[in-house]
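Just to be clear, the model below is a prediction. Sequence and coordinates:
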Amino acid sequence: MSQDTVSIKNNTSGEEAEFPLLKGSLGTPTVDIGTLNKNLGIFTYDQGFVSTASCKSDITFIDGNKGILLYRGYPIEQLAKHSSFLEVSYLLMNGELPNKDELFSFTDEINHHTMLHEALSGFFGGFHYDAHPMAMMVGVVGSLSAFYHGELNMEDPEHRRISAMRMLAKMPTIAAACYRHSVGWPNVYPRLDLGYCENFLNMMFSLPSQKYIEKDNYIDPITVKALNLLFILHADHEQNASTSTVRLASSTGANPYACIAAGISALWGPAHGGANEAVLSMLAQIGTVDKIPEYIAKAKDKNDPFRLMGFGHRVYKNFDPRATIIRETCYEVLERFPTDDPLFELALALEEYALKDEYFIEKKLYPNVDFYSGIIYRALKIPENMFTVMFVIARTAGWVSHWLEMMSDPTQRIGRPRQLYTGYANRDYVPTDARK
Ligand code: ACO
C-alpha cells in the first residue's frame, strides 16, 4: 500500500522532497518532517506550537472545533457523569477502565502512599507564612526527588509505576499542608478510611477544635461531587503547556518528581492553570455589575493589556466541553451554598454580557472550564491562592500518565527544539577599556 506523502518545495533553491503523512486513529493528519533538515537543509518555525505535534500519544484526544474531549476513547461527558477521579486516573494511567477488584486495589494502594515522610513535612517550616501555595508546591514536590532517587531504576516499569502512584497519592497531602502552613495550622494526617476527595477536604479544613467530619464520615455530598467532577475535568488535556513541560524535562531522563515540579511551575501561569485564580482577581478588579461594559471595552482594545480571564482557549474554538459540564454544577453549588457574595452575581452577569458581545462571538471566545472552576472553589471556601493547587492535584493524573507513556516508548528521544537565530552575526571581542 502506498504511503500518503506531502511535498515540500524550497522555492528559492528549487529543491523538493516528500515527507510521510501520518494518520492517527482520529484527528488532523500530521506530516513527519523529521528528515526535513537532512533533505532540504531547512527547519520549520512554529511559535507556540500551533501546528506542530511533539509526540504520538494514546491517552487523550481533543477536537477543538467540535468540542470533543476523549480520555482513552471515552467521552468526557460519560466519565464526568459516572466515574470517580481515581477511576479516571486508573484509566489514564493504564489505558482501560478498572474492574471492581482492580479499582479496589488501586484505591487501596493510593491510600497507602498518602503519608509524607516526616522529614519532608519539616520542609514547610522553611517557607515564609505568606509564601504562595504554588511556590511551596514547586519546592516540596521537587524535593520528593531527594527522598526517592538513589533506589529509583527508571528502566524498571514497576519502579516507574510506583513513582506515578506516589505522586498521585501524595499530592492532596502536600496541597493541604501548603494551605495549612499559610494559615499557621498544624498538619492533619491522611486517613485510610476516606475517599480521595473526602480525605483532601478533611486534611484542608479539620481543626482540633472543630473536626471537618463530625460523625459517620458525613461530608456534604454536593461538595464532594463538585470536587470529584472538577478533578475529572482537569485530569488531562493532551499536550498542553504543563504536560509538554513534563515530557520535555523527562526526555532527558531526569528524576520524575523533579519533572512533575517543572510541570507545576508551567501550570502556575495565568494563561494556563493560573487562570482560575486570575478570574477571581479580575472579578474583584471589575467590582460591580455596572462596570462590566467598561471592562469588556478594555478587553477588546488592542492597546490595553486587559483580557477577560476564563475566556478563550487555544484548542476549543466553539465551546469547551468541560465548561458545559461544570456550568451546571456551578449553579448547583451556588444553590447549595446561598450567599450574598457580590462576586457570584458579577460573574454570572459578565458571562451573560460577554456571550452576547459581537467581538467575543466573532472570535469564538467562550468561557473555558476555569471561568466556572474558580467560582465553584470560592463557593466551597477554598481560598483563591489554592485554586491552581487544586488544578495540580487533578492534572497530576495526566502528567504521570504521559510520563509513563513516554518512558515506556523505546523510540523516545531527548526533546531539543531548533531556533531561528536573529542575533548578531560573528563579531570580534573588544577589550573593556576600548569599548565606547
Ligand atoms: N479576552 C479578550 N480577547 C481575547 C481573549 C480574552 N480572554 N482571548 C483571546 N482574545 C483575542 C486575542 O486578542 C486575539 O485577537 P486578534 O485575533 O485580534 O489578535 C484572538 O482573540 C485570538 O487569541 P490568541 O491570544 O491568539 O489565542 P491563543 O490561542 O494564543 O490564546 C488563551 C489562548 C491563552 C487561552 C487566551 O484566550 C487567553 O489569554 N485567555 C485568558 C486566560 C485563560 O482563561 N486561560 C485559561 C486557558 S484554559 C486552561 O489552561 C485550563
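In hand now; what should we look at?

Now do the contacts for Ala177.
When the contact criterion is Cβ atoms under 8 Å, 6 or more residues apart in numbering, the partners of Ala177 are Leu116, Ser121, Phe124, Val140, Asn187, Met203. For the C-beta atoms, the positions are set from N, CA and C on the backbone; glycine is no exception.

That one and the ligand: what is the separation?
25 Å (Cβ to the nearest ligand atom, to the nearest Å).

Find the helix or strand that that residue is a member of.
helix 157-183 (DSSP states H and E).

Now the element after that helix, going C-ward?
Helices and strands here follow DSSP H and E; after helix 157-183, the next one along the chain is helix 196-205.

chain center to that following helix: distance?
Here helix 196-205 is found 20 Å from its chain centre; the criterion is Cα atoms, centre = their mean, to the nearest Å.

What are the buried residues along the next helix or strand after that helix?
Scanning the chain past helix 196-205 towards its C-terminal end, the next helix or strand to appear is helix 221-234 (assignment: DSSP H and E). Neighbour counts over helix 221-234 (16 or more other Cβ atoms under 10 Å) mark Ile222, Thr223, Val224, Ala226, Leu227, Asn228, Leu229, Leu230, Phe231, Ile232, Leu233, His234 as buried.

Make TSV from those residues and add distance to the ligand to it.
Putting the buried residues of helix 221-234 into TSV (distance: Cβ to the nearest ligand atom, whole Å) gives the following:
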residue	distance to the ligand
Ile222	23
Thr223	22
Val224	22
Ala226	17
Leu227	17
Asn228	18
Leu229	15
Leu230	11
Phe231	13
Ile232	14
Leu233	9
His234	7
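
nearest residue to the residue in the chain that the ligand sits nearest to other than its sequence neighbours?
Ranked by Cβ to the nearest ligand atom, the top residue of the chain for proximity to the ligand is Gly312, at 2.4 Å. With sequence-adjacent residues excluded and distances taken as Cβ to Cβ, 6 or more residues apart in numbering, Gly312 is closest to Leu365, at 4.4 Å.

looking at it, that neighbour is touching Leu355, isn't it?
No - at 9.4 Å, Leu365 and Leu355 do not qualify as touching, with contact defined as Cβ atoms under 8 Å.

contacting residues for the residue of the chain closest to the ligand?
With contacts defined as Cβ under 8 Å, 6+ apart, Gly312 is in contact with Lys363, Leu365, Tyr366, Asn368.

before we move on, back to that, what angle do helix 196-205 and the helix holding Ala177 make with each other?
Between the axes of helix 157-183 and helix 196-205, defined by axes from the mean of the first three to the mean of the last three Cα atoms, to 10 degrees, the angle is 30 degrees.
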